[in-house]
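Asks: I need the structure of the sequence given here:
(one chain, ligands or ions: 2)
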Amino acid sequence: MHVIEIKQMSKKFKNYRDKSNTLKERLLKIRKNDSKEHWVLQNINLTISKGECVALIGRNGSGKSTLLKLMTKILYPNKGEVIVKGRVSSLLELGAGFHPDFTGRENIYMNASVLGLLKREIDERMEAIIKFSELKEYIDQPVRIYSSGMYMRLAFSIAISIQPDVMLIDEVLAVGDAAFQNKCINKIEELKTKGTTIVIVAHNGGIIEKLCDRAIWLSDGEIMDDGNPRMVNMKYMQALSERENARLLEEEAELAQLEKNNRIEYPSTKASELSPRVGNRKVEITAVKLMDDRKVCRKDFRTGTSMSILIEYKVNEAFEEVSFGIGFFTSENICCYATNTKIDRFTIKELGSRGVISCEFSELSLLPGTYMLDVAVLHPNKNEPYDYLSKQFNFQVSSDVKDEGIARLKHHWAVEVIS
Ligand SMILES: Nc1ncnc2c1ncn2[C@@H]1O[C@H](COP(=O)(O)OP(=O)(O)O)[C@@H](O)[C@H]1O
Ligand SMILES: [Mg+2]
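Replies: Numbering: from 1, shown residues only. Ligands and ions are numbered 1, 2, ... in the order given. Below you'll find the model as predicted:
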């Protein structure tokens, strides 16, 4: 039996590109039709049977969340049909559907009744919902003081309490701690055995393969592949790294061009304030790659995950001593962090003629934003770069947590009531 059926479905959004500032500008613009339409899903045909657990994978912006919203009926298609049978429970954007000034308990009443439970049914399930959420005393606090992890716990606990026929889960599990994530995964497995149909957006290959019977890969609003989770995920990963390699090759070609155009100067002041690339190239940087913990080259990372910077080098001439350095800058050119092997007392005994030096940040603390990278190989004691590439590489950081600033500092809250 098909629980979800999508037929020749397309969805478009309007992009309002022009952000007019004054009222006059805005009023004048209304007359002109300056909004561009953008198809975010194109001719999707898809059926999902009862009890299937399907992973949705694909890059940011490929249309995964939009597809889930169409299945939830928060959005409607412009063409074709989306049919979903039975009671649907969905975990989409975090905190959506919660009223910030109401307590967790009050939000349970509101949410569960929206999902179709009667007051009596909610009362019966209240303790189980609170217990699963592990929110304890926080349950009677307004949810505006909740962390995103706590929001997720509450939302997940409510979503499973209605015993849904169809459960739709966007990328929200990742904000929970590892223990709660595991608990959710066990719960999802339990729902599966009870015949619930599940569609989950996932990035973690382990979860995809452990939990799902099937994976669907979306790319720019189209289905690229649909089938065995391991195979589909492998193809997706392969495409990601090919795309990244193509981009790196392009970047290398640009660098080569830059090299031709730029006379190589010997810097007397801070290298980063000078040209994008300086140095005598006794030791030369031939490529710079950013990788995640699965050794996939990428330009987008999430706060708290692992990022390794790989610097490929070539030795052209005899040199004295050597130190490799890196620095992160915001788009406003504020240095967030910079270090080098000398500062870190990491000794390099030998470089050979070619090689790779890597620096791993096991938990990237940078908050969401675009960052630029300085990469250098220098004489450790003289202000003498062999090769200094300034702001030639950039990467994005994203996160579901809404803390602000440049970096996440480790912290711990406590409360002590005096009277
Ligand atoms: N409400 C909206 N209005 C306009 N464009 C949107 C809206 N929601 C999503 N989009 C666009 O649709 C595309 C797909 O987005 P989304 O479904 O969120 O992707 P994913 O979840 O795969 O990252 C993106 O280009 C995004 O900018
Ligand atoms: Mg999304």
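Asks: now do the contacts for residue 65.
Replies: Shown here is residue 65, whose contacts under the criterion Cβ atoms under 8 Å, 6 or more residues apart in numbering are 92, 93, 170, 171, 201. (Glycine included, C-beta is placed from N, CA and C.)
Asks: dump those residues to TSV, plus pLDDT, distance to ligand 1 and neighbour count.
Replies: Written out in TSV, the entries for the contacts of residue 65 read as follows (pLDDT from 0 to 100; distance: Cβ to the nearest ligand atom, whole Å; neighbours: other Cβ atoms under 10 Å):
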residue	pLDDT	distance to ligand 1	neighbour count
92	87	10	18
93	78	10	16
170	92	7	23
171	87	7	22
201	93	7	22
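Asks: farthest pair within those residues?
Replies: Farthest pair in the contacts of residue 65 (Cβ to Cβ) is 93 and 201. Separation: 11.7 Å.
Asks: need the overlap of contacts for those two.
Replies: Common neighbours of residue 93 and residue 201, counting by Cβ under 8 Å, 6+ apart, are 65, 170.
Asks: nearest spatial neighbour of residue 312, skipping sequence neighbours?
Replies: Spatial nearest neighbour of residue 312, excluding adjacent residues (Cβ to Cβ, 6 or more residues apart in numbering): residue 287 at 4.2 Å.
Asks: where does the one you found land in three-state SS?
Replies: For residue 287, the assignment made with DSSP: H, G, I helix; E, B strand; the rest coil gives strand.
Asks: returning to what we had before: strands - which of the contacts of residue 65 land there?
Replies: Under the assignment DSSP state E, the contacts of residue 65 contribute residue 201 to strands.
Asks: and the contacts of residue 65, which is closest to residue 14?
Replies: Nearest to residue 14 out of the contacts of residue 65 is residue 93 (Cβ to Cβ; 19.7 Å).
Asks: pretty sure the closest one contacts residue 170?
Replies: Yes. At 7.1 Å, residue 93 and residue 170 qualify as touching, with contact defined as Cβ atoms under 8 Å.
Asks: now could you export just the CA positions of the helix or strand hosting residue 312 as CSV?
Replies: Here residue 312 sits within strand 307-315, counting by DSSP states H and E. This file holds the C-alpha atoms of strand 307-315, laid out as CSV (Å, rounded to 0.1, in the frame of the first residue of the first chain):
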residue,chain,number,x,y,z
MET,A,307,37.5,20.1,9.9
SER,A,308,41.0,19.3,8.6
ILE,A,309,43.1,21.7,6.6
LEU,A,310,45.4,19.8,4.2
ILE,A,311,48.3,21.8,2.7
GLU,A,312,50.0,20.1,-0.2
TYR,A,313,53.6,21.4,-0.7
LYS,A,314,56.5,21.1,-3.0
VAL,A,315,60.1,21.9,-2.1
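Asks: show residues contacting it.
Replies: Contact partners of strand 307-315, identified using Cβ under 8 Å, 6+ apart, comprise 282-292, 301, 324, 326, 351-361, 364, 373, 375, 377, 387, 395.
Asks: how does it look with 7 Å?
Replies: Outside of strand 307-315, the residues within contact range by Cβ atoms under 7 Å, 6 or more residues apart in numbering are 283-292, 301, 324, 326, 351, 353-361, 364, 375, 377.
Asks: same check, this time on stretch 87-94
Replies: Counting contacts by Cβ under 7 Å, 6+ apart, the residues touching stretch 87-94 from outside are 65, 68-69, 72, 115-116, 148, 151-152, 155-156, 159, 162, 164-170, 172, 175, 400.
Asks: same thing with stretch 380-399?
Replies: For stretch 380-399, contacts defined as Cβ under 7 Å, 6+ apart pick out 255, 267, 271-272, 276-285, 288, 290, 299-303, 319, 321, 323, 329, 342, 364, 366-378.
Asks: now which of these would you call buried?
Replies: Among those, those classed as buried by neighbour count (16 or more other Cβ atoms under 10 Å) are 255, 267, 271-272, 277-285, 288, 290, 301-303, 323, 329, 342, 364, 366-369, 371-378.
Asks: can you narrow those residues to ones near ligand 1?
Replies: Restricting these to those touching ligand 1 (Cβ under 6 Å from any ligand atom) yields no residues.
Asks: ok but residue 251 is inside a helix, no?
Replies: Yes. Secondary structure assignment (three-state DSSP) places residue 251 inside a helix.
Asks: how far away is residue 148 from ligand 1?
Replies: From residue 148 across to ligand 1, the span is 17 Å (Cβ to the nearest ligand atom, to the nearest Å).
Asks: just use 59 as the starting number from now, easier for me
Replies: Fine by me, first position is 59 from now on; the one you just mentioned is residue 206.
Asks: I figured that residue was touching residue 461, is that so?
Replies: No. In terms of Cβ atoms under 7 Å, residue 206 does not count as a neighbour of residue 461; the distance is 9.0 Å.
Asks: so which of these two has more stuff around it?
Replies: A count of neighbours by other Cβ atoms under 10 Å puts residue 206 above the other of residue 206 and residue 461, at 18 against 14.
Asks: for that one, give me its contacts.
Replies: With contacts defined as Cβ under 7 Å, 6+ apart, residue 206 is in contact with 152, 233, 458, 459, 460.
Asks: in ChimeraX, select just the buried ones from those residues.
Replies: The following ChimeraX command selects only the buried members of the contacts of residue 206, with burial defined by 16+ other Cβ under 10 Å:
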select :152,233,458,459
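Asks: okay then, goodbye and thanks.
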